[in-house]
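# The following block contains a protein sequence and its predicted model.
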Amino acid sequence: MSNIICQTDRLLVRRYTLDDAAGALAIYSDPEVMRWLSTGAAKTIDTVEQMRQAMIDRWLPRYQRSPHFGMFATVLRSTNQIVGSTLLKDLDGSNDIEIGWHFARSAWGHGYATEAARSVMRYGFEQADLKQIVAVVHSTNERSQAVCRRVGLVPAGKRTAYQLELDYFTADRDAWLRTWNEFVTDLISQPAAQPLEWRLGTMGFSYADWVEVFYPKGMKTGEWLTFYSKHFNAVELDTTFYAVPPVERVQRWRDETPDDFRFTVKTPHGITHEQSIDRALPSMREFLDVMRHFADKLSAVLLQFPPSFTSREIVRLRKFLDGLPRDFRYAAEFRHPSWFQTHDTGELLAGHNIAWAACDYASGPHAVVSTTDFLYIRWIGQHQRFNEMDHEQIDVSDRLTWWKDQIAQCSRTVKRVCGFFNNDFAGYAVGTCNRFKQMQGLPVVPVADPRQGELF
């Protein structure tokens, strides 16, 4: 059984787990949130242990009784942070099913309650086959009164529930779904969002195995980048990870490519791997001073941290990010699992307008989390998996389809996608990148290699 109930452009609504106790505590420890609960329960929950016990006693058993009903975590997709709860359950022991919402004060005023409630109501009518959904709200809770009206709940007088007299709202299935269809029709008829800017290419371009299958036989290595730039509109430079190139080389790379071509560069390992990150700003500024010579052809700077770099370094990392020059765009890649187990990661990156690099290793992909206006995706695979790197050797079609769906879900919140394929992902980065471009309906410049269209 999937934990996901529904999702919107900004929010994911899912069942709670015990691992969410700390996130939920941020909501239910606030007296200002608790005083508006329709149950009249003004007592806060003050510790993680109390929150876990409440989940064990009340929330989790309800999922077992019926998977459609219960208290659901409402998560901000851009940061993976729990910002509230949306509930669908029986009203004070009656046969009526009520919808409700409890959001952290920091999430008030962003339209999250409306967005989550509308999506959960649709789930209730279409998936749980409910004929009616109701809500009860304190008469002085003007915010929730407004949410009820915005999501199509109609005032129906007063109702006594939870030993209180509350304002009562209802929505009938057929009328609500008609309104929903009109809402969707209006949404579709609005001017279309600007299409995504795609920057797709490979990690590096200097591979001897590509000669005669991508680069023509006899072509000089100094001509490879110009040839490459006729097939792809971006490249991730891996060479900068090992050494800062001379200014003259950066200028030559810039001048050898078309105006519309873009570079991304990996930060040198001497910065990300070999010194305390909070002391690395002087070295980082020296590196960026060289990268400035790409001018407007520099798309992003990748900060790739080693597997030993854990979330315990977040204070040092914050100091480093605070000092970065703001005239560059950045992406950050984390390899230690601790970064994916805390809401602080997404909040930190979003607060600095930095993309959270999404990667696909041999063990599988990490979920895409949008933290700024562009996505940075790296299809990496298993290091030294293939002896030859001149043809695709495994079928990654299912993985690419998964990525296509993930990107589509973020398409309303981002403007640009930077994505780069490694030879280790399927055996031949050129072929896999072109395969993904075809899946996205993007133009592909034909490659002369007679094996190019043949998998395995």
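Now that the structure is in, tell me what you want to look at.

# Helices of the stretch 251-400 of the chain, residue ranges please.
In the stretch 251-400 of the chain, the helices defined using DSSP state H, counting those that start in this stretch lie at 269-272, 281-291, 314-322, 343-351, 397-409.

# Which strands or helices does the helix or strand following the longest one pack on?
Think helix 397-409. Remark: after helix 397-409, the chain's next helix or strand is strand 416-421, criterion DSSP states H and E. Using 3 or more C-beta pairs under 8 Å, 6 or more residues apart in numbering; DSSP states H and E, the elements in contact with strand 416-421 are strand 197-202, strand 234-237, strand 262-266, strand 374-381, helix 429-439. In short, each C-beta sits where N, CA and C put it, glycine included.

# number of nearby residues for the closest residue to A26 other than its chain neighbours?
Distances taken as C-beta to C-beta, 6 or more residues apart in numbering put A104 closest to A26, at 5.6 Å, once the chain neighbours are dropped. Applying other C-beta atoms under 10 Å, we find 22 residues neighbouring A104.

# Y123 now?
18.

# Now it: which helix or strand?
With DSSP H and E as criterion, Y123 is part of helix 112-126.

# Please enumerate residues in contact with the next helix-or-strand element following that helix?
Counting by DSSP H and E, the next helix or strand C-terminal to helix 112-126 is strand 132-137. If you take C-beta atoms under 8 Å, 6 or more residues apart in numbering as the criterion, strand 132-137 is touched by 38, 88, 91, 96-100, 121, 124-125, 144-145, 148, 153, 156, 159, 161-162, 166-173, 176.

# thinking again about what came up before, hmm, S29 and the residue nearest to A26 touching each other?
No. Counting by C-beta atoms under 8 Å, A104 does not reach S29; the two are 9.8 Å apart.

# quick one, domains of this structure?
With domains defined by automatic domain parsing, the chain comprises 4-189, 197-439.

# What are the boundaries of the helices in the stretch 51-200 of the chain?
Using DSSP H, counting those that start in this stretch, the helices assigned to the stretch 51-200 of the chain run over residues 60-65, 112-126, 142-150, 173-189.

# contacting residues around F294?
Here F294 is in contact with 250, 253-254, 263, 265 (criterion: C-beta under 8 Å, 6+ apart).

# Equivalent analysis for A116, please.
8, 11, 13, 74, 84, 86, 101.

# Could you tell me how far the helix holding Y123 lies from the centre of the chain?
21 Å (C-alpha atoms, centre = their mean, to the nearest Å).

# That helix - what's its average pLDDT?
The average pLDDT within helix 112-126 is 92.

# Would you point out the helix or strand in this protein whose mean pLDDT is lowest?
Least confident helix or strand of the chain, by mean pLDDT, DSSP states H and E, is strand 364-365 with a mean of 68.

# Can you name the residues that contact the residue nearest to A26?
Contacts for A104 were tallied using C-beta under 8 Å, 6+ apart; they are 26-27, 30, 33, 82-84.

# T179 touches G152, doesn't it?
Yes. Using C-beta under 8 Å, T179 is in contact with G152, at 5.1 Å.

# out of those two, which sits in the more crowded spot?
Neighbour totals were compared for T179 and G152, and G152 leads with 20 against 13 (other C-beta under 10 Å).

# Now do that one, the pLDDT please.
So G152 comes in at 91 (pLDDT).

# For W253, see how far away it is.
Look at G152 and W253: by C-beta to C-beta, to the nearest Å, they are 56 Å apart.

# same deal with T86?
Taking C-beta to C-beta, one finds T86 at 50 Å from W253.

# between those two, who's got more neighbours?
The residue with more neighbours, out of T86 and W253, is T86; 27 against 22, by other C-beta under 10 Å.

# Would you point out which residue is most central in the protein?
The residue lying closest to the centre of the chain (C-alpha atoms, centre = their mean) is V369, at 1.7 Å.

# With Q53 as the reference, measure out to the residue lying closest to that residue once chain neighbours are set aside.
Nearest non-adjacent residue to V369, counting by C-beta to C-beta, 6+ apart: W356, 4.9 Å away. With distances taken as C-beta to C-beta, W356 is found 33 Å from Q53.

# Between the two, which has more neighbouring residues?
W356 (27 against 13).

# Was I right to think the more buried one contacts T371?
Yes. Under the criterion of C-beta under 8 Å, W356 makes contact with T371 at 4.8 Å.

# which residues touch L87?
L87 neighbours (C-beta under 8 Å, 6+ apart): 70-72, 98-102.

# SS state for the residue lying farthest from the centre of the chain?
Most distant from the centre of the chain: G218, at 43.6 Å, with distances by C-alpha atoms, centre = their mean. Classification of G218 using DSSP: H, G, I helix; E, B strand; the rest coil returns coil.

# Next one, pLDDT for it please.
pLDDT, read off for G218, is 92.

# now it: how far from D390?
In terms of C-beta to C-beta, G218 sits 17 Å off from D390.

# got it, and H110?
Distance of H110 to D390, computed by C-beta to C-beta: 50 Å.

# Compare neighbour counts for the two and give me the winner.
In terms of neighbours (other C-beta under 10 Å), D390 is the more surrounded of H110 and D390; the figures are 21 against 13.

# got the contact list for the more buried one?
209-210, 213, 427-428, 451.

# Switch those over to a markdown table; also include neighbour count.
Compiled in a markdown table, these are given as follows (neighbours: other C-beta atoms under 10 Å):
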| residue | neighbour count |
| --- | --- |
| D209 | 17 |
| W210 | 22 |
| V213 | 21 |
| G427 | 23 |
| Y428 | 29 |
| R451 | 13 |
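
# Out of the residues you listed, which comes closest to V48?
Closest to V48 out of the contacts of D390 is G427 (47.0 Å), distances taken as C-beta to C-beta.

# Spatially, which residue comes closest to the closest one, not counting chain neighbours?
Q393 (3.5 Å).

# Make sure that neighbour is actually in contact with F386.
Yes. Counting by C-beta under 8 Å, Q393 sits close enough to F386 to count as a contact (5.7 Å).

# got any residues that touch both of these two?
Common neighbours of Q393 and F386 are listed as G427 (criterion: C-beta under 8 Å, 6+ apart).

# Could you list the low-confidence segments of the protein?
Judged by pLDDT under 70, the chain has its weakly predicted residues at 1-2, 38-42, 183-194, 363-367, 448-456.

# Could you list which residues are in contact with S139?
So S139 contacts 145, 166-167 (C-beta under 8 Å, 6+ apart).

# List phi and psi for it.
Main-chain dihedrals, S139, degrees, to the nearest 10: phi -60, psi -20.

# Distance check, it against V235.
S139 is 61 Å from V235, where distance means C-beta to C-beta.

# swap in L375?
Distance, L375 to V235, by C-beta to C-beta: 17 Å.
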